[in-house]
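Colleague: pasting the structure only:
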């Protein structure tokens, strides 16, 4: 398990604790507000963005050590973001990455994703995969800066195809979504 790390100045990225889970749906709902101006072109309704990740799933991820949070370091600890992943055969799939809007553009999302990449590497896995909105101006460039590349449908594995189908079934049309993946170099052997 990866311990707490300060990737973003003033913020601590750490494995989630049981008491954190109850606060994460509010972070998710607040972060989803950034997408409200884009709902119509995305073919979504406001309700589509509510509670995408269930508390049950968050608790399951907590117990699997697949959930990390970002917390302020000072003056008091409060949660400002989180990332939750699920396991794929070769790595992790980022189910949700959220940061409170008041804390955006401070490196917290990047720090959370670096945590996922490091956890992937430490587990000996080779990929981090995610889906995001194709036509939102900041999504693809953000992940590309972190080393993610677009995966074309012809290259989908059966697991990725199942994720895309699941999202499509739940209102996130494959026409507005894109799959991205980052290849993780393995750790050098100990000397």
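Modeller: Perfect, thanks for sending it. Predicted model, so just to flag it, every value in this text is computed and none were measured.
Colleague: helix, strand, or coil at the closest residue to residue 151 other than its chain neighbours?
Modeller: Spatial nearest neighbour of residue 151, chain neighbours left out: residue 179 (4.3 Å); criterion: C-beta to C-beta, 6 or more residues apart in numbering. (Glycine included, C-beta is placed from N, CA and C.) Secondary structure, DSSP: H, G, I helix; E, B strand; the rest coil: residue 179 is strand.
Colleague: so who does residue 179 touch?
Modeller: When contacts are counted by C-beta atoms under 8 Å, 6 or more residues apart in numbering, residue 179 touches 129-131, 150-151, 153, 156, 160, 163-164.
Colleague: surely residue 132 is within a strand?
Modeller: Yes. Counting by three-state DSSP, residue 132 is located in a strand.
Colleague: so what's the residue count around the closest residue to it other than its chain neighbours?
Modeller: Nearest residue to residue 132 in three dimensions, chain neighbours excluded: residue 139, at 4.3 Å (C-beta to C-beta, 6+ apart). Number of residues near residue 139 (other C-beta atoms under 10 Å) recorded here: 18.
Colleague: report pLDDT for residue 139.
Modeller: Predicted confidence (pLDDT) for residue 139: 93.
Colleague: distance of the residue nearest to residue 151 from residue 84?
Modeller: Using C-beta to C-beta, to the nearest Å, residue 179 is found at 18 Å from residue 84.
Colleague: same question for residue 170.
Modeller: From residue 170 to residue 84 the distance is 16 Å (C-beta to C-beta).
Colleague: what's the answer for residue 101, then?
Modeller: From residue 101 to residue 84 the distance is 19 Å (C-beta to C-beta).
Colleague: circling back to that earlier point, Serialize the contacts of residue 179 to CSV and add fields for distance to residue 16.
Modeller: Compiled in CSV, the contacts of residue 179 are given as follows (distance: C-beta to C-beta, whole Å):
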residue, distance to residue 16
129, 21
130, 19
131, 22
150, 29
151, 28
153, 33
156, 30
160, 25
163, 22
164, 27
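Colleague: can you give me the strands in this structure?
Modeller: 5-8, 11-15, 67-72, 79-88, 91-99, 127-133, 149-151, 177-183 (DSSP state E).
Colleague: and of the ones you listed, who's closest to residue 38?
Modeller: strand 127-133 (7.3 Å; C-beta to C-beta).
Colleague: so where's the protein shaky on pLDDT?
Modeller: 1-9, 51, 74-77, 187-191 (pLDDT under 70).
Colleague: stretch 19-30: which residues count as buried?
Modeller: 20-21, 24-25, 27-28 (16 or more other C-beta atoms under 10 Å).
Colleague: roughly how far apart are the closest residue in space to residue 133 that isn't next to it in sequence and residue 62?
Modeller: Leaving aside its sequence neighbours, residue 133 sits nearest to residue 139 (C-beta to C-beta, 6+ apart; 5.2 Å). Separation of residue 139 from residue 62 (C-beta to C-beta): 26 Å.
Colleague: all set now, cheers.
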